[in-house]
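Asks: What shape does this take:
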Amino acid sequence: MKLGELAAELGAELRGNAELEITGVRGIEEAGPGEVTFVANPRYAGLARTTRAAAILVEPGFQDLNTPTLRIKNPYLAFSRALALFYQPVIYAPGIHPSAVVDPTAVIGDGAHIGAYVVVGANVRLGPHATLLPHVVIYPGVQVGSHLFAHAHAVIRENCILGDHVTLENGAIVGSDGFGFAKNESGHWEKIPQSGPVKLGDRVDVQANACIDRATVGSTVIGSGSKIDNLVQVGHGSKVGENTLICAQTGLAGSSVVGNNVILAGQTGIAGHCTVGDGVILTAQSAVSHDIPPGKMISGSPGFDNRVWLRAVSIFQRLPELLKRLDRLEKRVESQAADEGVPDQEGVGQ
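Replies: I've put the predicted structure just below:
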């Protein structure tokens, strides 16, 4: 593809040779001749002058370079779209593998690919153009919209409801039992039935080995456009809004409520029955056990305002030095107090 053609595809302003042949895309440090890269983070701006890439995707106001540039408002998104032009995923032809087990009451939409050893239970309704790769299991009563893509070993439990264009990565589990137990008269933990399904909106991605628990009553809900990373745990009865990112190893306890456009960075935690407002950001390894108003950035465990946390961390690093200074000050004060307490020798015996 010519560089000018790529610019037209992306809607970018080209500054440079439109006839350059482009063969692929790569990160700025690895890119070579014939490849396009991008700069979206100011930390990498200096590498734009040393990269061997044929062209660089940058913001409109980026500095002038000898290397050709494609100037566009969101270079990172443009890089993603350029990548899609050169990387072609595997296409799975419609059809049902002979080893798949599909209940006769299941309704399978047009254009579905159902791979080896897939199991589709009774009364499942699977929308058109679904792709189920080997060993996917769909329990009875599940309802799925169009263009489901379920990678190998993904599981959708009974009566769950999924929207359009949902992607389940390997080992993702939608609708596993919530962690609910009550202690009986004998002191033993007795399992509480988890009767409520999981409901996923449109364009939800659930990454590898993430678990979204079904609800005790009601439902567990993930809003449209939200993305759930590897090894995330969403507890029973939780509600997650639209276009929210939940990063790896994050845990939501039961009945958590998370708003729209929230970012929960890696290894964050939310205690049960807490509400996190729209637009909140929890930085990595933060944990909250109280409601968070909209728009806040929270850090630390227990979590508090990010700006205060940054100052606290700065002070924490100085604690050994401050302790030494405090120790010296205490000794000086004690010494002065001792000196002031010694009687005047001339006045002794008078």
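
Asks: Just give the nearest non-adjacent residue to Ile96, would you?
Replies: Distance criterion Cβ to Cβ, 6 or more residues apart in numbering; nearest residue to Ile96, sequence neighbours excluded, is Ile114 at 4.4 Å. C-beta: built from backbone N, CA, C; applies to glycine.

Asks: Distance-wise, check the one you found relative to Pro134.
Replies: Applying Cβ to Cβ, to the nearest Å, one obtains 10 Å for the distance of Ile114 from Pro134.

Asks: between those two, what contacts are shared?
Replies: Shared contacts of Ile114 and Pro134 (Cβ atoms under 8 Å, 6 or more residues apart in numbering): His97.

Asks: Between the two, which is the more surrounded one?
Replies: A direct count of neighbours by other Cβ atoms under 10 Å for Ile114 and Pro134 places Ile114 higher, at 26 against 15.

Asks: Next, give phi and psi for the more buried one.
Replies: Torsion angles at Ile114 (phi, psi; degrees, to the nearest 10) stand at phi -120, psi 110.

Asks: sorry, back to before: residues touching the residue nearest to Ile96, list them.
Replies: 95-97, 100, 102, 108, 120, 130, 132.

Asks: redo that, cut-off 10 Å
Replies: Contacts for Ile114 (Cβ atoms under 10 Å, 6 or more residues apart in numbering) come out as 92, 94-97, 99-102, 108, 120, 126, 130-134, 136, 138, 150.

Asks: out of these, which are buried?
Replies: By neighbour count, with 16 or more other Cβ atoms under 10 Å, the contacts of Ile114 hold 96, 100, 102, 108, 120, 126, 130-133, 136, 138, 150 as buried.

Asks: which residues in the stretch 1-150 of the chain form helices?
Replies: For the stretch 1-150 of the chain, applying DSSP state H, counting those that start in this stretch gives helices covering 3-10, 75-86.

Asks: now the stretch 201-350 of the chain
Replies: 306-317, 319-340.

Asks: for the ones you listed, which one sits closest to Lys73?
Replies: Lys73 sits nearest to helix 306-317 of all the helices of the stretch 201-350 of the chain, at 26.7 Å, using Cβ to Cβ.

Asks: what comes up buried for the closest one?
Replies: Of all the residues in helix 306-317, those buried under the rule 16+ other Cβ under 10 Å are 306, 309.

Asks: Report the rounded mean pLDDT for that helix.
Replies: Per-residue pLDDT values across helix 306-317 average out to 86.

Asks: what does stretch 230-237 give?
Replies: Mean predicted lDDT for stretch 230-237 stands at 98.

Asks: Can I get it in PDB, CA atoms only?
Replies: This file holds the C-alpha atoms of stretch 230-237, laid out as PDB (Å, rounded to 0.1, in the frame of the first residue of the first chain):
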ATOM      1  CA  ASN A 230      -7.600 -11.200  32.000                       C
ATOM      2  CA  LEU A 231      -8.200 -12.700  35.500                       C
ATOM      3  CA  VAL A 232     -10.800 -10.100  36.500                       C
ATOM      4  CA  GLN A 233     -13.400 -11.200  39.100                       C
ATOM      5  CA  VAL A 234     -16.800  -9.500  38.900                       C
ATOM      6  CA  GLY A 235     -18.900 -10.500  42.000                       C
ATOM      7  CA  HIS A 236     -22.500 -11.500  41.900                       C
ATOM      8  CA  GLY A 237     -25.100  -8.900  41.500                       C
END
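
Asks: can I assume Ile22 is in contact with Ala55?
Replies: Yes - assessed by Cβ atoms under 10 Å, Ile22 is found in contact with Ala55 at 7.0 Å.

Asks: joint contacts of those two?
Replies: 3, 6-7, 34-36, 82.

Asks: where's the nearest residue to Tyr44 once chain neighbours are set aside relative to Leu14, distance?
Replies: Distances taken as Cβ to Cβ, 6+ apart place Ile28 nearest to Tyr44, at 5.7 Å, with adjacent residues excluded. As for Ile28, its distance to Leu14 is 18 Å (criterion: Cβ to Cβ).

Asks: Repeat that for Ser186.
Replies: Counting by Cβ to Cβ, the gap from Ser186 to Leu14 is 75 Å.

Asks: Looking at those two, which one has more neighbours?
Replies: More crowded of Ser186 and Leu14, by other Cβ under 10 Å: Leu14, with 18 against 6.

Asks: Pull the number of nearby residues for Gly175.
Replies: Neighbours of Gly175 using other Cβ under 10 Å come to 28.

Asks: Could you grab the helix/strand/coil label for it?
Replies: Under DSSP: H, G, I helix; E, B strand; the rest coil, Gly175 falls in the strand class.

Asks: Kindly report the same for the one 4 residues further on.
Replies: Reducing the assignment to helix, strand or coil with three-state DSSP, the entry for Phe179 is coil.

Asks: quick one: it from Gln194, how far?
Replies: The spacing between Phe179 and Gln194, counted by Cβ to Cβ, is 9 Å.

Asks: For these two, list the residues in contact with both.
Replies: In contact with both Phe179 and Gln194: 213, 216, 236, using Cβ under 10 Å, 6+ apart.

Asks: Verify the contact between the last one and Arg214 for me.
Replies: Read that as His236. Yes - between His236 and Arg214 there is a contact under Cβ under 10 Å: 6.3 Å.
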